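Peer 1: What would the 3D arrangement of this be:
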Amino acid sequence: MAWPAPDIRTKAIPAPARGSTSRTRSPPDRRAPRAPSSLRGQRPVLLAGCGEAAEIAAGQARLVGSLQHPMVTGNLPAAAAALRELAPTYDRLRAALT
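Peer 2: Below is the predicted model:
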């Protein structure tokens with residue numbers, strides 16, 4: 001497929017005609033192997049008998065995720081509060097894993 005030439009006046013490159021792009025998938029032997037869905041995320045920790053550690057790690061993930069909005073919007077007091085809430089979870093996680 002040849003891409004169209006840019007418009008001289010605007011230097012814009014027009015989009016290819018609809019339906020002219022091909023969407024092909026890689027052959028099965030070229031795809032990256034994926035872990036079974038039962039082995040993703042916290043499941044390996046739960047299977048290893050570390051349920052308490054998995055719960056603490058899930059809480060940490062929620063707290064880290066809750067930092068995104070305050071940091072982007074500049075609400076530093078809210079971000080600091082989330083970090084203060086996150087800090088003691090590392091000691092709890094260490095205790096759960098030892």
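Peer 1: so M71 touches A80, yeah?
Peer 2: No - under the criterion of C-beta atoms under 8 Å, M71 makes no contact with A80, lying 10.4 Å away. C-beta: built from backbone N, CA, C; applies to glycine.
Peer 1: Show me what whichever strand or helix holds A80 is packed up against.
Peer 2: Using DSSP states H and E, A80 falls within helix 76-97. When contacts are defined as 3 or more C-beta pairs under 8 Å, 6 or more residues apart in numbering; DSSP states H and E, helix 76-97 packs onto helix 51-66, helix 68-73.
Peer 1: will you turn those into JSON lines that also has mean pLDDT and mean neighbour count?
Peer 2: Listed next are the helices and strands packed on helix 76-97 as JSON lines, based on pLDDT from 0 to 100; neighbours: other C-beta atoms under 10 Å:
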{"stretch": "helix 51-66", "mean pLDDT": "89", "mean neighbour count": "15"}
{"stretch": "helix 68-73", "mean pLDDT": "92", "mean neighbour count": "12"}
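Peer 1: Can you check which of the ones you listed gets nearest to T89?
Peer 2: For the helices and strands packed on helix 76-97, proximity to T89 was assessed by C-beta to C-beta; helix 51-66 is nearest, at 5.2 Å.
Peer 1: tilt between that closest one and helix 76-97?
Peer 2: Using axes from the mean of the first three to the mean of the last three C-alpha atoms, to 10 degrees, the inter-axis angle of helix 51-66 relative to helix 76-97 is 160 degrees.
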